[in-house]
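J.: pasting a predicted model and its sequence here:
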Amino acid sequence: MNTKPHTREKSYSCEVCCSCFPNKQYLATHMRTHTREKPYSCEVCGFSFTMKNTMLQHMKTHIGKKPYSCDVCGSIFARKYNMLQHMQTHTGEKPYFCEVCGFSFTRKHHLLQHMRTHTGDKPYSCKDCGSSFTRKDGLVIHMLTHTGEKPYSCKVCGYSFTRKNYLLQHMRTHTGEKPYSCEVCGSSFTRKDSLVIHMRTHTGEKPYSCKVCGYSFICKSNLLQHTRTHTDSTKLDTPPN
């Protein structure tokens, strides 16, 4: 007599990616990841979702209900899933690995976004100029270049920015904060990318090369300045018509 427990086979397959599901409802929900259909909308802000329970969880952000708290730092969350993701900032766990370069991430959607740097996929396009982006927030920020909107303003000097991180970087010019320090010589910087460029003075790395003469530079701006020496000399060497 066969005593093995009965297991239901996954009989519903996605025609796009061949993923299998135990019932038709799960398949229908999965298909929305391909069609980008979001039939469940928030009555407060209009934000849309592929699943009803995700929308209901989102509604808690409007009523202020945050029943899940972090045991380490006390941060509170509307969804248990968000709390579990937050916990990874304390544990350092990054369970999602890129099979191409080995880079790891705390969240699956961060990995999916990263994979586009390898595939070149840019699914978000600007209707005004056709520029494409790997992430939706990249498109949203780009659109500000067309509207001229700069929603982030400095309370000290009134200067405005298209991105919040640009404002935060700018604020350091007022506070004098330089949170990024060189481990070799102790020099400190207001921006991380400035530290990265500085480190090349220690490592000798010069990743930006001139296509005309092969001369290399530690940063792109130095390369752009250098290339003008070629274009200017070309203009001088070209006889007038």
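T.: Structure received.
J.: low-confidence ranges in the protein?
T.: Counting by pLDDT under 70, the chain contains low-confidence ranges at 1-10, 232-241.
J.: how does it look with 80?
T.: 1-11, 43-47, 57-65, 67, 78-79, 81, 231-241 (pLDDT under 80).
J.: what domains does the record give for it?
T.: 12-91, 150-232 (automatic domain parsing).
J.: wait, which of those is closest to residue 132?
T.: Closest approach to residue 132 among these is made by domain 12-91 (15.9 Å; Cβ to Cβ). Every C-beta, even on glycine, is put in place using the N, C-alpha and C of the backbone.
J.: mind checking the end-to-end distance for the closest one?
T.: Terminal residues of domain 12-91 lie 37 Å apart, using Cα to Cα, to the nearest Å.
J.: can I get the CA coordinates of stretch 179-192 in CSV?
T.: Presented in CSV, the C-alpha positions along stretch 179-192 are these (Å, rounded to 0.1, in the frame of the first residue of the first chain):
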residue,chain,number,x,y,z
PRO,A,179,30.9,62.1,6.7
TYR,A,180,33.1,60.3,4.1
SER,A,181,36.7,59.8,5.3
CYS,A,182,39.7,58.4,3.5
GLU,A,183,41.2,55.4,5.5
VAL,A,184,44.6,56.1,4.0
CYS,A,185,45.3,59.8,4.7
GLY,A,186,42.2,60.9,6.8
SER,A,187,40.9,63.5,4.3
SER,A,188,37.1,63.8,4.6
PHE,A,189,34.4,64.8,2.1
THR,A,190,30.8,65.9,2.0
ARG,A,191,30.0,63.4,-0.8
LYS,A,192,30.7,59.7,-1.3
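J.: want to throw the domains of the chain into TSV with distance to residue 98 and mean neighbour count?
T.: As requested, the domains of the chain are exported to TSV (distance: least, Cβ to Cβ, whole Å; neighbours: other Cβ atoms under 10 Å):
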stretch	distance to residue 98	mean neighbour count
domain 12-91	17	13
domain 150-232	20	13
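J.: tabulate the ones you listed (JSON lines), appending distance to residue 135.
T.: Converted to JSON lines, these look like this (distance: least, Cβ to Cβ, whole Å):
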{"stretch": "domain 12-91", "distance to residue 135": "15"}
{"stretch": "domain 150-232", "distance to residue 135": "13"}
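J.: quick one: closest of these to residue 121.
T.: domain 12-91 (13.8 Å).
J.: on that earlier part again, of all the domains of the chain, which one is nearest residue 127?
T.: Closest among the domains of the chain, using Cβ to Cβ: domain 12-91, at 16.1 Å.
J.: run the chain-centre distance for the closest one.
T.: 19 Å (Cα atoms, centre = their mean, to the nearest Å).
J.: can you confirm residue 143 is in a strand?
T.: No. Looking at residue 143 with DSSP: H, G, I helix; E, B strand; the rest coil, it is helix, so not inside a strand.
J.: tell me the contacts of it?
T.: 126, 128 (Cβ atoms under 8 Å, 6 or more residues apart in numbering).
J.: look up how far residue 30 lies from it.
T.: Residue 143 is 30 Å from residue 30, where distance means Cβ to Cβ, to the nearest Å.
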